[in-house]
Each structure stands twice: as C-alpha cells, then as structure tokens.
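[1] Mind folding the following:
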Amino acid sequence: MSTRPRTPAPATPAPGKLPLPELLEMKKRRDKIVMITAYDAPAARIADEAGVELILVGDTAAMVMLGHESTLPVTLDEMIFLTRAVTRAARRPLVVGDLPFGTYEVSDEQAVASAIRMVKEGGADVVKLEGAGRMLSRVRAIADSNIGIMGHVGLTPQSATKLGGFKAQGRTGVAAKQLFDDALALQEAGAFAIVLEAVPAPIATRVSAALDVPTIGIGAGAGTDGQVLVWHDMLGMYAGRTPRFVKRYADIASEIGDAVSQYADDVRTGAFPEEQHTYGISPEELDRFEAAVKKT
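    Next comes the predicted model:
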C-alpha cells in the first residue's frame, strides 16, 4: 500500500549542497540517512565534516540551549537566529528549520509566512512541523509554496501535554493504525520525509515500508530509513532527563567541567597565563612608554 508523494520542486540548491531528491534515491537504495540537530556554526561545521545528510535546527533548542523546561517557549525569531548560524557553516547537509509552536497552528497563511521567513531570513533549505490531522492543510500549503516540508508524527513534543506527557505513541492497535494513516496522509500532502518519534519498532518499520518518502526515526527502532539524535543528548551535554532511546557517544559536559575547573585553579594560583600566552614589547619601546607616562 503506497500513495505517491507530492514532493514540491525545491529551489536550486547551492553548489555542493545535497539535492533534496537524493533522499528519495537513498531510500530506494536502502542507504541509511543520518540527521543530527545543531544550533550553532561550530556544531554545524563538525556535522558537515562528519558527512551527515541532514541537520535539524530543532525547537529542542528551547531546552538544550535556552534553558526552558519544554520546547513551547522558543520563538520564531529565536529559531531564525539559530538557523542562520547553522546555515553559515553547513555546506553539504540540507538544513531543516523547525517551525516552533504557535507559528503554524492558526492558519495555512500563517504557516506559509513562517516557512518563508525560516527560508529567507534563516537560510534553511527546508522546514519541519509537527502533527497531522488539520496540520495536513498546513503541509500542503507550504509544499505548494515550493518549500520542502518535513512531517513529524508519534511523540510530538509541542503537544506532549495533550498526549499525556513524553511517552511512546502508537502502542495500541488503534493508535498505531492512526499513526500509519497520518504518515500516509502527510506524504500525500507533500512531505518529503517524516520523523517518527517514540514509536514501537515494528510499527515504525511497517510505516517506513508503506511510504515512498524516507522516514527518520528517533526512538523508533532500526527499521526506519534514517536516524536523528539531539546533539546535546548524544554528547552528554544536557543536564536534563535523557530519553531511553538516546545513545551517548561522549561525555563532553564532564570534560568541559574539568577543563573549566582547571582554568579557574590556574588563574587563582597564577599558573595562567604563562610567558607563551603573552605579547612582548622591545626594551626601547618600553622605555619610550615609561618616559611618556612620567611626563603625564
């Protein structure tokens, strides 16, 4: 069972930029797609050099970058600011600008206006929004505006309160079928890819097989067409609760903490700065300086 994706004709990509249709080809070849979040230029540069296909400037920035308890408070202006930083450094990966809560729910017109700002001001290559249902018309409107749009079903953090908290979705037959239908509907509306978050692995695998467009899993098992993790989670840089589906590849926060503590100790004891960290001046120029100071 499959419906044909209505993928919009994207704008001409910058030289070296991954073409959007290549994601469809990767799915056909069964090549896994790598997506990671990033929120600044240094992170984007590292992700680019690592060869990832997609960089998501996610609204998770509200929590991992801005100190909020949820994703809801982050604004479109803040997301554009962060996206602009990422796009300055990301050369090959497609940059996905996440539309935050309150920027597309009101109307199709609001959704298109927000997407246009994310592309024009933030420099995003494509955008993402959460949900299906009445959000399908938003997806369709953005796609019809020739802006690539990524869907997101399963656990949708912007509506976590309505879903009963940050917990897995699609764990009953009825709920799983609704998720399946929502994913197909998003494809039909024009989504070029769909994030499946916190979904039982067999359901995510079945959905992925039914779709022509790629699926990107996060807490959805290995049967999706790609995976995404949050930068701060995978590197051990976020002090909040880490979801069970996160694999921590480093403990950067501990290393940074040790480095800052060592720096503070060196400053207090006079061990830093050393001679190699300072600039000199010739004895003649120093004499001239001292003479000028005495005259003053």
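[2] Every contact and neighbour count from this point should use C-alpha atoms.
    Will do.
[3] in the stretch 101-250 of the chain, which spans are strands?
    126-128, 148-154, 193-197, 215-218, 226-229 (DSSP state E, counting those that start in this stretch).
[4] Kindly reformat those as a markdown table containing distance to residue 174.
    A markdown table is the format used below for those (distance: least, C-alpha to C-alpha, whole Å):
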| stretch | distance to residue 174 |
| --- | --- |
| strand 126-128 | 26 |
| strand 148-154 | 13 |
| strand 193-197 | 17 |
| strand 215-218 | 21 |
| strand 226-229 | 25 |
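[5] can you put those in JSON lines and add mean neighbour count, mean pLDDT and distance to residue 66?
    Listed next are the strands of the stretch 101-250 of the chain as JSON lines, based on neighbours: other C-alpha atoms under 10 Å; pLDDT from 0 to 100; distance: least, C-alpha to C-alpha, whole Å:
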{"stretch": "strand 126-128", "mean neighbour count": "25", "mean pLDDT": "98", "distance to residue 66": "20"}
{"stretch": "strand 148-154", "mean neighbour count": "27", "mean pLDDT": "97", "distance to residue 66": "23"}
{"stretch": "strand 193-197", "mean neighbour count": "27", "mean pLDDT": "98", "distance to residue 66": "22"}
{"stretch": "strand 215-218", "mean neighbour count": "28", "mean pLDDT": "97", "distance to residue 66": "22"}
{"stretch": "strand 226-229", "mean neighbour count": "22", "mean pLDDT": "97", "distance to residue 66": "18"}
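[6] and residue 176, which of those is closest to it?
    strand 148-154 (9.1 Å; C-alpha to C-alpha).
[7] Show me the strands paired with that closest one, marking each as parallel or antiparallel.
    strand 126-128 (parallel), strand 193-197 (parallel) (DSSP bridges).
[8] What are the contacting residues of that strand?
    7-8, 10, 125-132, 139, 142-143, 168-170, 179, 182-183, 186, 190-199 (C-alpha atoms under 8 Å, 6 or more residues apart in numbering).
[9] go on, stretch 40-51?
    Counting by C-alpha under 8 Å, 6+ apart, 36, 38, 55, 82-83, 85-93 sit against stretch 40-51.
[10] Then stretch 210-227?
    Outside stretch 210-227, the residues that reach it (C-alpha under 8 Å, 6+ apart) are 1-5, 23-24, 27, 30-35, 183-184, 187, 191-202, 204-205, 208, 228-229, 244-246.
[11] Start and end of it, how far apart?
    End-to-end distance for stretch 210-227, by C-alpha to C-alpha, to the nearest Å: 18 Å.
[12] hang on, the earlier thing: which among the strands of the stretch 101-250 of the chain is found nearest to residue 97?
    strand 126-128 (4.5 Å).
[13] so which of the strands of the stretch 101-250 of the chain comes closest to residue 288?
    Among the strands of the stretch 101-250 of the chain, strand 226-229 sits nearest to residue 288 (C-alpha to C-alpha), with 59.2 Å.
[14] ok, so what distance separates residue 278 from residue 272?
    10 Å.
[15] Report the contact partners of the closest residue to residue 214 other than its chain neighbours.
    Sequence neighbours aside, residue 193 is the residue nearest to residue 214 in space, at 4.9 Å (criterion: C-alpha to C-alpha, 6 or more residues apart in numbering). Neighbouring residues of residue 193 by C-alpha under 8 Å, 6+ apart: 149-151, 187, 213-216.
[16] again with residue 156
    Counting by C-alpha under 8 Å, 6+ apart, residue 156 touches 130-131, 197.
[17] So which of residue 278 and residue 272 has more stuff around it?
    residue 272 (14 against 7; other C-alpha atoms under 10 Å).
[18] ok, and what's touching the helix or strand residue 83 falls within?
    Taking DSSP states H and E as the criterion, residue 83 maps to helix 76-89. For helix 76-89, the surrounding residues in contact (C-alpha under 8 Å, 6+ apart) are 38-45, 48, 57, 59, 95, 97-100, 103, 114, 117-118, 121-124.
[19] Just the buried residues from the residues you listed, in ChimeraX please.
    Remark: buried members of the contacts of helix 76-89, expressed as a ChimeraX selection using 16 or more other C-alpha atoms under 10 Å:
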select :38,39,40,41,43,44,45,48,57,59,95,97,98,99,100,103,114,117,118,122,123,124
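[20] Many thanks, have a good one.
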